[in-house]
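J.: for reference, the sequence and a predicted model appear below.
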Amino acid sequence: MPRLPLLVLALAPLSTPALAHPGGHGHSSAPKATEEPKTAVPATYAGVLAALTEQLGAAETALDTFKIADLHRHCGDLRALADAAPGRAPDADAARPGATALRGHVDAIAAHADKGDLAGARAALAEARTALAALQKHLE
């Protein structure tokens, strides 16, 4: 009968399936990245539009440099800003459809990026820019 070192015998009770297979089966105890907005929502509609423009540019840079965590953070900011836009617009009812469309395009940017579909993410980004241009018409 082979003799096992004393250390192996002492550590045997500590061996669990989780330790033997640290990757698990698709379950992770690591905290997920949150999409909490980092950008404060401006008090004016013009300020919201400027922040949306800035965040779209930052999202594009993150996409171009393959920084998906940064992209998700910018998408969180874009969602918060798009949600706030109608409440700051001179005519909330007129701005609401454009803000909803913008939010949908932002969701599509993140979804395409998560799948590795950069062409789809870039197309959604272009659509988001078009939706932002439509929101800017409500500024006048």
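T.: Received, thanks.
J.: may I see the buried residues of stretch 96-103?
T.: Buried residues in stretch 96-103, counted by 16 or more other Cβ atoms under 10 Å: 98-99, 101-103. (C-beta placed from N, C-alpha, C; glycine too.)
J.: before we move on, what about stretch 60-74?
T.: 60, 62-63, 68, 71-74.
J.: next step: those restricted to helices.
T.: Among the buried residues of stretch 60-74, the members falling in helices (DSSP state H) are 60, 62-63, 68, 71-74.
J.: between those, which is closest to G87?
T.: G87 lies nearest to H74 out of these, by Cβ to Cβ, at 21.2 Å.
J.: in this structure the closest one contacts Q55, no?
T.: Yes - applying Cβ atoms under 8 Å as the test, H74 and Q55 come out as touching, 5.2 Å apart.
J.: and the furthest pair within the buried residues of stretch 96-103?
T.: Spanning the widest gap among these are G98 and R103, at 9.8 Å by Cβ to Cβ.
J.: on that earlier part again, ok, so of the ones in helices among the buried residues of stretch 60-74, who is nearest A51?
T.: Once Cβ to Cβ is applied, the member of these that ends up nearest A51 is H74, at 11.0 Å.
J.: for E54, pull up the helix or strand it's in.
T.: If you go by DSSP states H and E, E54 is part of helix 45-64.
J.: which residues touch that helix?
T.: Contacting residues not belonging to helix 45-64 are listed as 39, 41-42, 68, 70-71, 74-75, 77-78, 81-82, 84-85, 88-90, 95, 102, 106, 109, 113, 118, 121-122, 125, 128-129, 132, 135-136, 138-139 [Cβ atoms under 8 Å, 6 or more residues apart in numbering].
J.: from these, list the buried ones, please.
T.: The neighbour count (16+ other Cβ under 10 Å) marks 39, 41-42, 68, 71, 74-75, 77-78, 81-82, 84-85, 88-89, 95, 102, 106, 109, 113, 121-122, 125, 128-129, 132, 135-136, 138 as buried among the contacts of helix 45-64.
J.: great, nothing more from me.
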